[in-house]
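**Student:** with the sequence up front, the predicted model follows.
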Amino acid sequence: MESNGSQNNNKNDRLKDLITYFARMVAHLPEVKLDKLIYISQLYHYSNSGELLTKTRFFGLSYGPHAPLIRSTLKKQLDNKSLYLTESRTSSDPVYSNPCLIIKSSEQNDKNLSCLCLNTLREVVEDWGDKPYEHILDYTARTIPYLSTFYREPISWSLIQPYRDLKYALSLPQRVQIHRFVEEPEKARFQHHTYSDWCPVSINEVVEIYLALCGQLPDKIPSQGYLGFNLQNVLYAFDKLRNKNENATGKYPTEIDRAAQLTTSLLNHMSFKSYSSRVALKTGMLFLKKLCYSFGGDVLEYHWPDGNSHKILKKWFSRVSVKVDTK
């Protein structure tokens with residue numbers, strides 16, 4: 001069995017092996033794409049196993065997560081000839097394409113990578129290896145570890161508990177739908193479904209509500225001033241809802257009960273700067289909207305609740321919403 005020190009050294013040294021793997025397995029690999037694929041690998045591995053794939057630090061920057069160490073490591077590998085660069089074009093039409101340098105590998109083995117690590121890398125290549133950089137950037141800039149990290153700060157994985165959907169990000173159509181809901185909740189349309197057995201809303205949707213309230217566009221990378229929120233508190237609010245399967249009377253909580261519970265937890269922790277109250281209330285409304293409730297007009301402008309307690313919010317949701325018969 002390897003010692004902890006040996007394991008840490010392996011993770012520190014693994015970056016060059018990750019670079020080599022992607023240089024061998026991804027046909028068109030410029031440096032910017034490599035940077036994001038290694039971040040995705042870190043995200044997938046942590047989501048799947050709860051362990052870090054590499055100790056390489058990623059920072060929340062203007063164009064998504066970025067690890068400065070990748071460039072210096074890549075340069076060393078180019079210097080020792082284990083990697084090389086070749087010119088390629090971004091389009092098959094030479095008139096409209098721009099030449100760029102792509103990374104290729106001179107090595108052909110994966111002996112330094114464990115089976116668990118290789119499984120993660122294969123998953124990343126299958127999902128993203130042939131995707132254009134713009135699609136990869138759009139994905140990484142909507143992942144929770146990036147969005148929860150303040151601008152120019154390192155992504156602190158130790159503060160992020162691994163969970164099943166950590167690697168999940170909203171697609172552009174899903175983001176557009178959330179932004180429409182924030183603007184006009186009474187007109188928004190969602191298919192009747194539940195995200196899970198206990199909650200129809202995802203953490204990603206809560207964060208997108210926040211970005212919409214900040215005035216961010218769904219098809220753009222969030223501005224640096226709006227990056228960063230308290231992810232631990234948001235996860236706690238969801239965990240508390242999941243664990244509260246029964247109330248004190250032994251009866252299962254109603255849909256209104258659960259919406260009020262989630263809203264109360266988010267309100268009490270105020271995780272989203274000056275927009276926390278609206279994020280919490282919009283989240284409760286989205287919770288009910290996805291369960292086929294409707295709202296008349298802009299209830300937050302004209303019917304703001306007069307308190308944050310579960311009892312008050314339960315009455316408020318009952319007053320401003322109505323269950324729609326979908327049969």
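**Tutor:** Great, that's in hand.
**Student:** can you list the buried residues in the host helix or strand of Leu74?
**Tutor:** Assigned by DSSP states H and E, Leu74 belongs to helix 69-79. Using 16 or more other CB atoms under 10 Å as the test for burial, helix 69-79 gives 69-70, 73-74, 77. For glycine as for every other residue, the C-beta is placed from the backbone atoms N, C-alpha and C.
**Student:** likewise stretch 128-138?
**Tutor:** Within stretch 128-138, the residues scored as buried using 16+ other CB under 10 Å are 128-129, 131, 133, 136-138.
**Student:** repeat that for stretch 289-302.
**Tutor:** In terms of neighbour count (16+ other CB under 10 Å), stretch 289-302 has its buried residues at 289-291, 293, 295, 299-300.
**Student:** follow-up on the earlier one: can you tell me which of the buried residues of stretch 128-138 end up in helices?
**Tutor:** 128, 133, 136-138 (DSSP state H).
**Student:** of those, closest to Ala280?
**Tutor:** Nearest to Ala280 among these: Asp138, at 27.2 Å, using CB to CB.
**Student:** ok, now which ones touch that closest one?
**Tutor:** Remark: with contacts taken as CB atoms under 8 Å, 6 or more residues apart in numbering, Asp138 is in contact with Leu172.
**Student:** among the buried residues of helix 69-79, which pair sits farthest apart?
**Tutor:** Using CB to CB, the buried residues of helix 69-79 span at most 12.4 Å, a distance reached by Leu69 and Gln77.
**Student:** so how far is stretch 100-116 off the chain centroid?
**Tutor:** Centroid displacement of stretch 100-116 relative to its chain, using CA atoms, centre = their mean, to the nearest Å, is 27 Å.
**Student:** that one: which residues count as buried?
**Tutor:** Going by neighbour count (16+ other CB under 10 Å), the buried part of stretch 100-116 is 100, 102-103, 105, 110, 113.
**Student:** between the buried residues of stretch 128-138, which is closest to Gln216?
**Tutor:** Distances from Gln216 to these, taken by CB to CB, are shortest for Asp138, at 13.5 Å.
**Student:** quick one: residues contacting Leu281.
**Tutor:** The neighbours of Leu281, taking CB under 8 Å, 6+ apart as the test, are 263, 267, 300, 305.
**Student:** want to throw those into CSV with distance to Val182, secondary structure and pLDDT?
**Tutor:** Converted to CSV, the contacts of Leu281 look like this (distance: CB to CB, whole Å; DSSP: H, G, I helix; E, B strand; the rest coil; pLDDT from 0 to 100):
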residue, distance to Val182, secondary structure, pLDDT
Thr263, 15, helix, 97
Leu267, 17, helix, 95
Leu300, 10, helix, 86
Pro305, 18, coil, 93
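**Student:** isn't Val207 up against Asn230?
**Tutor:** No - at 11.4 Å, Val207 does not count as touching Asn230 under the criterion of CB atoms under 8 Å.
**Student:** mutual contacts of those two, please.
**Tutor:** Common neighbours of Val207 and Asn230, using CB under 8 Å, 6+ apart, are Ser148.
**Student:** more neighbours: the two, which one.
**Tutor:** Each of Val207 and Asn230 had its neighbours counted (other CB atoms under 10 Å), and the higher figure belongs to Val207 (25 against 16).
**Student:** for that one, which non-adjacent residue is spatially closest?
**Tutor:** In space, and not counting its chain neighbours, Val207 is closest to Leu147: 5.5 Å by CB to CB, 6 or more residues apart in numbering.
**Student:** for the one you found, give me the pLDDT.
**Tutor:** Here, the pLDDT recorded for Leu147 equals 97.
**Student:** and it, how many neighbours?
**Tutor:** Leu147 has 22 neighbours, counted by other CB under 10 Å.
**Student:** what does the one 10 residues further on give?
**Tutor:** Residues contacting Trp157 under the criterion other CB under 10 Å number 18.
**Student:** run a quick check on it versus Tyr46, I expect a contact.
**Tutor:** Yes - applying CB under 8 Å, one finds Trp157 in contact with Tyr46, separated by 6.1 Å.
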